[in-house]
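1. Whatever this is, show me its structure:
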Amino acid sequence: MEILRSRIPDDITPRNVAAVAAVFLGACKYAREVLPKLKTGVAFHDDKDTGLIAMINEAVAAWEAVLKSWPNAS
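-> Residues are numbered from 1 along each chain as shown. This is a model prediction of the structure:
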């Protein structure tokens, strides 16, 4: 399969990676606001929201630190 031998992924620019990361984190930020409002009634699932929100907060903080040290990322 030719697609498996392609070297194109090696040529992804930091700016493109940053753009995708920013969009993905935007979706995560939205989920961070929505998760507390969505309840399934199943404790096993609902109890995971706090952990997910903490992971999102950590990722957002890390991304914002990157942006401060690498202004060309945005």
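
2. For residue 56, grab the count of nearby residues.
-> Counted with other Cβ atoms under 10 Å, residues neighbouring residue 56 total 19. Where C-beta positions appear, they are placed from N, C-alpha and C, glycine not excepted.

3. So what does the spatially most central residue of the chain have for phi and psi?
-> Nearest to the geometric centre of the chain sits residue 25, at 3.8 Å (Cα atoms, centre = their mean). The phi/psi pair for residue 25 (degrees, to the nearest 10) reads phi -70, psi -30.

4. Does it touch residue 61 like I think?
-> No - with contacts counted by Cβ atoms under 8 Å, residue 25 stays clear of residue 61, the gap being 10.6 Å.

5. re the thing from before, so what pLDDT did the closest residue to the residue nearest to the centre of the chain other than its chain neighbours get?
-> By the measure of Cβ to Cβ, 6 or more residues apart in numbering, the closest residue to residue 25 outside its immediate chain neighbours is residue 63, 5.5 Å from it. Residue 63 carries a pLDDT value of 91.
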